[in-house]
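Trainee: quick one: sequence and predicted model below, then my questions.
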Amino acid sequence: MTDLGPLHFFMGIAVTRNVDGLFLSQRQYVMDLLQRAGMFDCHPVATSADTQAKLSGSDGDLLAHATEYRSLVGALRYLTLTRPNISYTMQQICLHMHAPRAPHLALVKRVLRYVCGTLEFGLHLRASSSTSLTAYSDADWAGCPDCHRSTSGYCVYYGDSLISWSSRR
């Protein structure tokens, strides 16, 4: 076994050390993804999704090329490793992988526009003497317009660092 020195880059995740701890970023991964999607010069948006609109599985026309949609969604799912702020939107998008429609692709493009405007975002793991474990959860009771199931989510912090999160129906 050989020591390769300090960690700088691993599986598309750039690791930057500073006095506070570690900063994990997928900036280059996002730029490559935007280039692949043909949205490198898109106009950024402030939020990843419209929180008032409910995405239905029956609205709009079926996509002719679902493979491209699924490829983009899979790439965006990998991005949630360092960008938990898009987890809820990605969960909503992934509900429609079996039969994607035009509004679903529009939401994928909105997420791409959001991450284009927030390239500097990432996950900051701070060194902390605090050993407190704090958890938050929320639910959207019967919020799905198709099956009236609930969406719930949680995030768990150890000290000041986010260590676990999830959003699911």
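Mentor: That came through, no problem. Numbers count the residues shown, from 1 in each chain.

Trainee: biggest helix in the protein by residues?
Mentor: Longest helix of the chain, by residue count under DSSP state H: helix 102-117.

Trainee: below-threshold pLDDT in the chain: ranges please.
Mentor: 51-53, 142-146 (pLDDT under 70).

Trainee: what does the longest helix of the chain rub up against?
Mentor: 30, 33-34, 37, 39-40, 42-49, 55-56, 59-61, 63, 69, 72-73, 76, 79, 83, 86, 89-90, 92-93, 96, 121 (C-beta atoms under 8 Å, 6 or more residues apart in numbering). The C-beta positions use only the backbone N, C-alpha and C, and glycine is treated the same way.

Trainee: any of the residues you listed buried? List them.
Mentor: 30, 33-34, 37, 39, 42, 45, 48-49, 55, 63, 69, 72-73, 76, 79, 83, 86, 89-90, 92-93, 96, 121 (16 or more other C-beta atoms under 10 Å).

Trainee: among the residues you listed, which lie within helices?
Mentor: Per DSSP H, the buried ones among the contacts of helix 102-117 map to helices at 30, 33-34, 37, 69, 72-73, 76, 79, 89-90, 92-93.

Trainee: which pair in those spans the largest distance?
Mentor: Largest separation among these by C-beta to C-beta: Leu34 and Gln92, giving 20.7 Å.

Trainee: out of the ones in helices among the buried ones among the contacts of helix 102-117, which is nearest to Leu133?
Mentor: So of these, ranked by how close each gets to Leu133 (C-beta to C-beta), first place is Met90, at 25.4 Å.
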